[in-house]
Structure formats: structure tokens, C-alpha cells
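*Asks:* what would the 3D arrangement of this be:
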Amino acid sequence: MEIEKREFFINPESKDALLKSVKKLAKRAAKLGLPEPTARHVEDVEVMVSREVWDLEWKIKKVPVLKSRFEITFPEVKIAGWEIVGTIDAEPVVTNAKPGWAGSLKPYRDHPTRCEHCNHNRSRKMTVVLQNETGELIQVGRSCLKDFTGHEVGIFNFGIACNSLEQNFGPRGEPLANTEYLLMLGLALIRRVGWTSRTMLRNSGDPHGMSTSDWAWDASQIRGGTEAEKFAEKLGLNIFEEIGTEREEAKKIIEFIADSKEENDYFLNLRSLCAESHTRGKHTGTVVSAAFVYHRHLAKLEAAKRAGKSTSSHFAKVGDKFGRKLSKKDKDAGATAYPASEGTISFMHTRDTDWGVTTLIKWVDDNGNEFGWWSSSESRLKIGQRISVIGTVKKLDEYKGTKSTMLSRCKVEKMEVSK
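*Replies:* Presented below is the predicted three-dimensional model:
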């Protein structure tokens with residue numbers, strides 16, 4: 001039987017937990033007549049990671065963080081030519097691929113409880129994906145493993161546990177944040193500062209800025225005292241004094257995500273992560289984005305209510321100008337000049353395209369007329385802000401009974417600063 005050897009870094013405080021897990025696995029191996037897994041602490045070493053540090057101003061720099069490097073060995077479980085390459089947890093659906101395996105478990109998300117051996121799709125907590133030497137894959141229920149391979153289930157359970165060591169203690173072994181608390185922080189930040197995704201930040205050209213989720217994660221790791229005071233000063237807002245009212249809404253968001261019928265990869269992952277009591281640092285962006293998704297959902301519901309009562313009209317025509325002078329060509333084409341369009345932002349939706357990130361911004365003027373603009377550069381705007389926009393009418397749109405005048409080549413002439 002081949003022996004697998006892996007090396008990975010863990011947080012120093014996780015040493016005892018790792019050694020305890022390996023010790024338990026060694027006892028199971030002895031009962032199964034298998035070589036015992038081992039764990040060897042190689043060294044404690046400083047690893048350079050990106051952190052925001054103060055150097056006359058806040059900057060992203062590489063700073064040293066202490067990590068413990070471990071080497072683990074364990075027998076590779078391969079029976080009758082089949083080896084474990086992944087598992088699928090059914091509730092919630094979470095796929096766990098064997099580290100280093102080049103395949104994908106995504107196709108199994110749609111049927112996490114199916115067994116291709118007995119051809120039954122019944123209630124199961126977990127199924128196992130096996131691969132043979134020719135590359136053939138098969139999904140088998142844990143209770144069918146003995147019948148499929150002719151060997152006891154215990155040996156496969158042992159293999160699953162060994163493969164999980166790196167997942168449980170390796171690169172993803174960073175500190176955790178309570179999921180509900182993380183959402184409370186995200187809500188407070190969105191309400192007071194606005195939503196900025198990491199993608200929006202990258203496209204803004206500000207390499208030293210921080211996304212809403214990054215602020216929320218950093219805040220979740222602070223336990224008070226002078227550290228909290230410094231963080232509040234850096235943010236310009238004492239977020240810790242403002243999250244008390246967010247608990248009930250955080251619970252509603254978790255319920256909303258759990259009840260969602262969306263089946264795209266983003267929502268599938270969001271549903272799995274929000275069902276967990278705690279969140280890893282690498283998943284912060286996805287979890288905190290649930291607050292933004294929830295607010296967008298509420299905005300859609302409100303828009304649907306207003307649709308039947310919409311007073312928005314198409315008083316301008318394609319080619320008309322808002323806040324701009326007409327050229328001779330414009331006049332010859334019969335265009336009309338209007339003052340800059342002033343109103344309150346009612347809706348924003350950001351999406352990735354082949355040409356970068358673009359945001360649909362909609363605002364309503366004092367007469368109830370709705371305007372829209374697809375912007376690829378304006379990241380300062382927030383829902384509820386009052387703005388004045390110059391632009392040219394590109395098209396006249398209508399959605400669910402609400403007429404929108406869509407502008408292009410726009411420029412925000414003035415806006416209220418978001419509180």
C-alpha cells in the first residue's frame with residue numbers, strides 16, 4: 001500500500017488539535033491493519049502575508065506571520081483499483097475534493113445523495129466519489145461502499161478522515177468569525193458607508209482601498225480595548241457601537257438565503273456558507289455579500305409594489321440632451337436640450353462583463369420620472385444619494401410598467417456626500 005506524504009502550514013495554536021486527530025487515526029489504522037498515519041512538526045517559520053499597515057498612511061504591505069510547518073503521512077486507500085477523490089456532504093451541500101486532485105466535483109452538486117451503484121437517490125448525509133486507474137468516476141453512498149468494493153466501510157471512512165486533515169488544519173485553518181456577527185458588521189457598514197465589492201475596488205484604481213467585506217472581517221477579529229479605538233479611528237466610524245440594531249436583520253438574511261430558490265453556483269455556495277455557524281476568512285466576501293443581495297431583493301419588492309402606481313413618463317426622446325448644449329447637428333436632428341437630470345438614486349446593480357465591471361444606476365426626479373445609466377467608472381454613488389447628471393438619451397425603456405429614460409456618456413455634475 002502506497003504512503004502519501006503532504007506538507008502544509010497551520011496556525012501555531014492548532015498544533016495540539018492536529019496531533020490529537022492524527023493519534024486517533026493511528027488507533028483506527030491499527031484496528032484496520034493499515035500503516036499508522038504520522039504527523040511531524042518540521043519547524044515554526046515566519047511567512048510573509050499581505051496586511052494593511054500604518055506607514056504615514058495605511059498601505060498594503062507584506063508582513064511576517066508565524067506559522068507551523070507540518071509533514072503528515074498516511075496510507076493511500078485504494079481498493080480494487082478505486083480510490084477516494086472527494087466527498088459530497090448533503091446538508092448543506094458542500095463538496096470536498098482530495099487535495100491535488102485535478103478533477104471537479106461540481107457536477108455532483110445537483111444530486112448529492114445519489115448512488116450510482118444501487119441507483120437510488122434517497123436521504124443520505126454523505127456520498128463518496130471514487131476514481132479508478134482509467135479515470136472513470138462513480139458516486140457511491142457510504143452504506144453501499146462495502147457492496148461495491150467488497151471491503152468494510154471503515155477503511156473508506158479512515159481514508160476520508162486522512163484526506164480531511166489538510167482541509168481541516170491546513171491553509172484554511174485561519175481564524176473564524178461568527179457568521180451572524182459578520183453579517184451584522186456588514187449590514188452596519190453598508191448602511192453607514194455603502195457597499196464596495198472587491199471587484200469594484202480593483203476597477204476603481206485604488207490599490208490601497210478596502211472592500212466592505214474586508215472591513216467587516218477585520219472588525220470581527222477585534223475584541224475591544226485600544227485595538228477597537230484604533231480601528232474606529234481608521235474607519236472614521238465606531239462600528240462596534242452601531243451593530244446592536246442589526247441582529248434581527250442578520251437573522252432574516254440567513255433565513256432569506258436558506259429559503260432562496262436560486263440554483264446558480266454563487267447562491268449554492270452562499271446557502272452552504274450561511275448555514276454554518278462560523279465563517280473562514282477566505283469566505284468573508286461571499287458571506288458579507290449576502291447583506292447586499294438581501295437589500296437588492298427588498299429594493300426589487302418595493303419596485304414591484306410601485307410599478308402599478310408609477311408616474312414615470314418618456315417626456316424626452318432619443319438624442320435629447322440633459323445638461324449639455326446642442327450642436328448644429330443636434331438641432332438639425334430635432335434634439336431638445338433639458339437641464340441636468342436631478343434626482344435620488346433608487347436602484348444599483350453591479351455585474352461583471354467581458355469588458356469589466358459595470359453598474360446600472362437608476363434615479364427618480366422630483367416629478368417621478370425614472371432615469372438610468374450603465375456606468376463603468378462611478379464607484380462613489382450609493383442608494384439614497386441625491387445626484388445631478390448630464391448625459392444624452394440613448395433609449396427609452398420600460399420594465400414592469402415603469403418607464404425609464406436611459407442615458408449614455410454621462411457625468412455626475414454634483415451629488416450629496418453619503419452620510
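
*Asks:* a helix runs through Arg296, doesn't it?
*Replies:* Yes - judged by DSSP: H, G, I helix; E, B strand; the rest coil, Arg296 forms part of a helix.

*Asks:* give me the number of residues near it?
*Replies:* Counted with other C-beta atoms under 10 Å, residues neighbouring Arg296 total 16. For every residue, glycine as well, the C-beta is placed using N, CA and C.

*Asks:* cool, and Cys410?
*Replies:* Cys410: 22 neighbours (other C-beta under 10 Å).

*Asks:* which residue ranges form the helices in the stretch 251-400 of the chain?
*Replies:* For the stretch 251-400 of the chain, applying DSSP state H, counting those that start in this stretch gives helices covering 265-274, 284-307, 328-332.

*Asks:* quick one, which of the ones you listed is nearest to Gly186?
*Replies:* Proximity to Gly186 (C-beta to C-beta) singles out helix 284-307 among those, at 3.9 Å.

*Asks:* check the offset of that closest one from the chain's centre.
*Replies:* 15 Å (C-alpha atoms, centre = their mean, to the nearest Å).

*Asks:* try stretch 127-143
*Replies:* The answer for stretch 127-143 is 29 Å, by C-alpha atoms, centre = their mean.

*Asks:* what's the span of it from first residue to last?
*Replies:* Start-to-end span of stretch 127-143 (C-alpha to C-alpha, to the nearest Å) is 9 Å.

*Asks:* tell me the mean pLDDT for that stretch?
*Replies:* Taken as a whole, stretch 127-143 has an average pLDDT of 88.

*Asks:* related to what we said a few turns ago, would TSV of the helices of the stretch 251-400 of the chain with mean pLDDT and distance to Glu4 be doable?
*Replies:* Below are the helices of the stretch 251-400 of the chain laid out as TSV (pLDDT from 0 to 100; distance: least, C-beta to C-beta, whole Å):
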stretch	mean pLDDT	distance to Glu4
helix 265-274	85	27
helix 284-307	77	30
helix 328-332	92	72
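
*Asks:* out of these, nearest to Asn369?
*Replies:* helix 284-307 (13.1 Å).

*Asks:* taking helix 265-274 as reference, get the angle to that closest one.
*Replies:* Relative orientation of helix 284-307 with respect to helix 265-274: 110 degrees, computed using axes from the mean of the first three to the mean of the last three C-alpha atoms, to 10 degrees.

*Asks:* and helix 284-307, C-alpha only, in PDB?
*Replies:* Presented in PDB, the C-alpha positions along helix 284-307 are these (Å, rounded to 0.1, in the frame of the first residue of the first chain):
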ATOM      1  CA  THR A 284     -15.900  36.500   4.100                       C
ATOM      2  CA  GLY A 285     -16.500  38.200   0.700                       C
ATOM      3  CA  THR A 286     -19.300  35.700  -0.200                       C
ATOM      4  CA  VAL A 287     -20.900  35.800   3.200                       C
ATOM      5  CA  VAL A 288     -21.000  39.600   3.600                       C
ATOM      6  CA  SER A 289     -22.300  40.000   0.100                       C
ATOM      7  CA  ALA A 290     -25.500  38.200   1.300                       C
ATOM      8  CA  ALA A 291     -26.400  41.500   3.000                       C
ATOM      9  CA  PHE A 292     -26.100  43.400  -0.300                       C
ATOM     10  CA  VAL A 293     -28.100  40.700  -2.100                       C
ATOM     11  CA  TYR A 294     -30.800  40.900   0.600                       C
ATOM     12  CA  HIS A 295     -31.100  44.700   0.200                       C
ATOM     13  CA  ARG A 296     -31.300  44.300  -3.500                       C
ATOM     14  CA  HIS A 297     -34.100  41.800  -3.100                       C
ATOM     15  CA  LEU A 298     -36.000  44.300  -0.900                       C
ATOM     16  CA  ALA A 299     -35.500  47.000  -3.500                       C
ATOM     17  CA  LYS A 300     -37.000  44.800  -6.100                       C
ATOM     18  CA  LEU A 301     -40.000  44.000  -4.000                       C
ATOM     19  CA  GLU A 302     -40.500  47.800  -3.400                       C
ATOM     20  CA  ALA A 303     -40.100  48.500  -7.100                       C
ATOM     21  CA  ALA A 304     -42.800  45.800  -7.900                       C
ATOM     22  CA  LYS A 305     -45.200  47.500  -5.400                       C
ATOM     23  CA  ARG A 306     -44.600  50.900  -7.100                       C
ATOM     24  CA  ALA A 307     -44.900  49.500 -10.600                       C
END
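
*Asks:* can you name the farthest residue from the center of the chain?
*Replies:* Asp332 (51.1 Å; C-alpha atoms, centre = their mean).

*Asks:* does Trp101 touch Val85 like I think?
*Replies:* Yes - assessed by C-beta atoms under 8 Å, Trp101 is found in contact with Val85 at 4.9 Å.

*Asks:* which of those two has more neighbours?
*Replies:* Neighbour count, other C-beta under 10 Å: between Trp101 and Val85, Val85 has more, with 18 against 15.

*Asks:* and the more buried one, what are its phi and psi?
*Replies:* Phi and psi for Val85, reported as degrees, to the nearest 10, are phi -120, psi -10.

*Asks:* show me what contacts it?
*Replies:* 97-98, 101, 103, 129-131, 137 (C-beta atoms under 8 Å, 6 or more residues apart in numbering).

*Asks:* weed out the non-buried ones from these.
*Replies:* 97-98, 129-131, 137 (16 or more other C-beta atoms under 10 Å).
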